[in-house]
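Colleague: Compute the structure for the input listed below.
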Amino acid sequence: MIEAMHLVALALYLVAATLLGVSLARNETRLTGIATAVAGVGVLGHVLGLVAFWTGWRELPLVGLGPSLSVLALLVGLGSLGVATLGKTGPLGLILVPVAALLVGAAATVGVHPSGEVLAFQGPWFVLHVVLAFVGYAGLTVAFACGVMYLVQFRELKNKNFGAIFRFFPPLDTLDRLGKWALIVGLPFLTLALAVGWAWSERFGRPMEPGNPKVVWGVLSWLLFVAALLARAGGGRRAHRAALASVVVFAIVVVTYVVLRVGEPRAGGFL
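Modeller: Got it, this is the predicted structure:
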């Protein structure tokens, strides 16, 4: 049931992404709504898969690489559905839905099953810490999608190309505002996640080691979040600079995760 529902979610995410691609190519805005509906069904299947994990294994899908990737994918999928309700931002699914599909595919590949690890940091503190962090990273993913679309459309406008991209993508101002708010919402969640982890370690006498991969990735992610927001300060081509910063920051966070994961293959939780 768990594996089957994840495969169903993956298939529906891929169908939704394909419909969005066709919508862009053919300038068929009607397909955007259909793609959103398909992605919504995929999210429902995804939820059922995670509920099956919870009821079957009697634990939340927050420990182990597969379950953690699946939960993050679900939040990205929900983020895609969320932005689709804001008006002309549905086409952001062209980036967000494939990201969700990639994460679900990775989760299904490594296996969505309990890790069997006994963690010192667990219970409500652990759940709060992980959920807060995942919401923060989902916000960064939305900012990344906005940044990519902003840069692509900016280039098209600069070259005076008013074709399918110009008609399909949200306006530059909309992408800039949404990218800004995605970071503004995501940063507090990531900050709280780090604070909860630190508070737990201090409360129960388990100080965090500076070289711990989880600590390194968390702190670096937080600093990069702040850098992406600071890139929005000042005048000039502020919006363009901010979009580029969101894309670069997202790329660094992902690459850092991969490097740390390879270096620490038995790390628990998401990392």
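
Colleague: Please parse this protein into its domains.
Modeller: Per automatic domain parsing, the domain ranges recorded for the chain read 1-116, 119-271.

Colleague: want to throw these into CSV with mean pLDDT?
Modeller: Below are the domains of the chain laid out as CSV (pLDDT from 0 to 100):
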stretch, mean pLDDT
domain 1-116, 87
domain 119-271, 83
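
Colleague: Tell me which of the ones you listed is the most buried.
Modeller: domain 1-116 (a mean of 20; mean count of other CB atoms under 10 Å). Backbone N, C-alpha and C define where each C-beta goes, glycine included.

Colleague: Check the offset of it from the chain's centre.
Modeller: For domain 1-116, the distance from its own C-alpha centre to the chain's C-alpha centre is 11 Å (CA atoms, centre = their mean, to the nearest Å).

Colleague: Show me where the stretch 101-250 of the chain has its helices.
Modeller: In the stretch 101-250 of the chain, the segments counted as helices under DSSP state H, counting those that start in this stretch are 124-158, 164-168, 172-203, 213-230, 238-263.

Colleague: quick one: contacts for the spatially most central residue of the chain?
Modeller: Central residue of the chain (CA atoms, centre = their mean): Ala138, 3.3 Å from the mean position. The contact partners of Ala138, by CB atoms under 8 Å, 6 or more residues apart in numbering, come to 72, 75-76, 78-79, 186.

Colleague: now it, nearest residue through space, not along the chain?
Modeller: Leu75 (4.0 Å; CB to CB, 6 or more residues apart in numbering).

Colleague: mind checking which helix or strand that neighbour is in?
Modeller: Element membership for Leu75, per DSSP states H and E: helix 65-84.

Colleague: quick one: that helix to helix 172-203, angle?
Modeller: Comparing the axes of helix 65-84 and helix 172-203 via axes from the mean of the first three to the mean of the last three CA atoms, to 10 degrees yields an angle of 140 degrees.

Colleague: Now tell me what touches stretch 162-173 from outside.
Modeller: Applying CB under 8 Å, 6+ apart, the contact partners of stretch 162-173 are 23-25, 27, 29, 88-89, 91-92, 149-150, 152-154, 156-157, 175, 178, 239.

Colleague: so Leu192 makes contact with Val130?
Modeller: No - the pair Leu192 / Val130 is not scored as a contact, 11.7 Å apart, by CB atoms under 8 Å.

Colleague: sorry, back to before: which helices and strands sit right next to the helix holding Leu75?
Modeller: helix 2-26, helix 30-57, helix 93-110, helix 124-158 (3 or more CB pairs under 8 Å, 6 or more residues apart in numbering; DSSP states H and E).

Colleague: one more time with 6 Å
Modeller: For helix 65-84, the elements it packs on are helix 30-57, helix 93-110, helix 124-158, judged by 3 or more CB pairs under 6 Å, 6 or more residues apart in numbering; DSSP states H and E.

Colleague: Having no further points to raise, I will conclude here.
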